[in-house]
Structures are given as structure tokens and as C-alpha cells.
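> build me a model from this:
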Amino acid sequence: MSEYRAAVRHHTLRTGIIEFDNGTGRIINVPCTIRDVSGTGTRQALNSSRWIPEQFTLVFSNGLRKDCRVAWRKGRLIGSAFVDGYASPDEQAAMMTEEEQSRHRRQIGARVRSARETRGYTEVQLAELIGVSPGFVSRAENGEVDIPLYQLMHIADLLQVSLDGLVAGPTPSGLPGEVDAA
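Have a look, this model is predicted:
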């Protein structure tokens, strides 16, 4: 499986616009609901049964525009891939709401805490090993601050877990502030 295919999807329900040229030079705008986003593409539900071409521009509510191509279709649900490959970290952040970003930070922090406890380290010990303050480790584990990628890589090595596991693995149950979606 390629690294792009394994991209983490962030569930969202927000409106967007699918924009395309209908072949006559006229731009068509079709409203959609963006169901989730990842670094490589999106899934969106069309709000109508209008035909969508194989390539289009997805316009997010904040104005971000991404050229996409249809990867698959199932009724009004479309899976699309970004034409330029992988979205930049800034673009990915713009695709997620503040609440989604916060939830993602909390999930990463919970995975770090779980891995740290499994390996028998205290916050203070982990902080010393990665060269940060114990307060930073505490805030990171609580999802209050972002953990830079280079530090996540170091943490994964120290705790003998995969980076993918820290970023996108199963989240330990009982995460503060999480509501069961069931």
C-alpha cells in the first residue's frame, strides 16, 4: 500500500462547491457536503444528481481551491484524489476546522501517553529523552499543543512504536472530551 493510499481521513461534514467547465466555457457550481478529507483527497456527497466530470475544482468554504479527479463514484457519493498529489500541511489545516484539529491533537496525545505508559516512562523521563520540558509533554499528551513531526519520530523510536501508530492508530478509550459517535 502506498503512503498516499494510507493517508489518514478526518471526518467532517461541511459544505463545499464542486466547480467545473461544462465544455462550453461556462463554469458550473454544484453544492456538495464534504464528508471527510485527507492529505490525498476527499469524499463528498452531492446535494443533487447533477453529472460531475472526471476532473473538477473543489472549493472549500474558507476559499481554498483544490483541483481533483474522480477516483470512484457510488450514487451521489464521490471519492476524489488531489491532482497535484499530496496536500501541504497548511492546506490540510485549512481543510479541517479548529475543532477537528483539536480532536486530532488530543488523539495523538492520547496515543503518546498510552505508548509512554506501556513502556514504563514518566512524563519527566520522556521529556528528558526528547529534550523538552515535562510541561510540554503534559500539554502535548492533553492535546493542548502540536508535537512537531521530528519529535513524534523521536518519540516513536524511543517508545518502540510506529509513527503511523502515533499519528493514526487506534485511540485509547476514555479520551477526555470525546463523545461516542454511536
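> and for Arg65, the neighbour number?
12 (other Cβ atoms under 10 Å). Just so you know, the C-beta spots here come from the backbone N, C-alpha and C atoms, and that holds for glycine as well.
> pretty sure it sits against Val83.
No - with contact defined as Cβ atoms under 8 Å, Arg65 does not reach Val83; the gap is 11.4 Å.
> ok, longest helix in the chain?
Longest helix in the chain, counting residues (DSSP state H): helix 98-119.
> what mean pLDDT does that one get?
The average pLDDT within helix 98-119 is 89.
> pull out the buried residues from that helix.
100-101, 103-116 (16 or more other Cβ atoms under 10 Å).
> tell me which helix or strand Leu166 sits in.
Assigned by DSSP states H and E, Leu166 falls within helix 163-168.
> how far off centre is that helix?
Centroid separation between helix 163-168 and its chain, computed with Cα atoms, centre = their mean, to the nearest Å, is 12 Å.
> in it, what's buried?
By neighbour count on 16+ other Cβ under 10 Å, the buried set for helix 163-168 is Leu166, Val167, Ala168.
> what lies in contact with the lowest-mean-pLDDT helix or strand in the chain?
Confidence across the helices and strands of the chain bottoms out at helix 89-95, with a mean of 77, counting by mean pLDDT, DSSP states H and E. The contact list for helix 89-95 (Cβ atoms under 8 Å, 6 or more residues apart in numbering) reads His10, Thr12, Val37, Gly39, Thr42, Phe60, Asn62, Leu64, Lys66, Ala87, Gln101.
> dump the C-alpha coordinates for that helix into CSV.
Extracted as CSV, the C-alpha positions of helix 89-95 are listed here (Å, rounded to 0.1, in the frame of the first residue of the first chain):
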residue,chain,number,x,y,z
PRO,A,89,0.3,20.8,5.9
ASP,A,90,-1.1,24.3,5.5
GLU,A,91,-3.7,23.1,3.1
GLN,A,92,-4.7,20.2,5.3
ALA,A,93,-5.1,22.5,8.2
ALA,A,94,-7.3,24.8,6.1
MET,A,95,-9.4,21.8,5.2
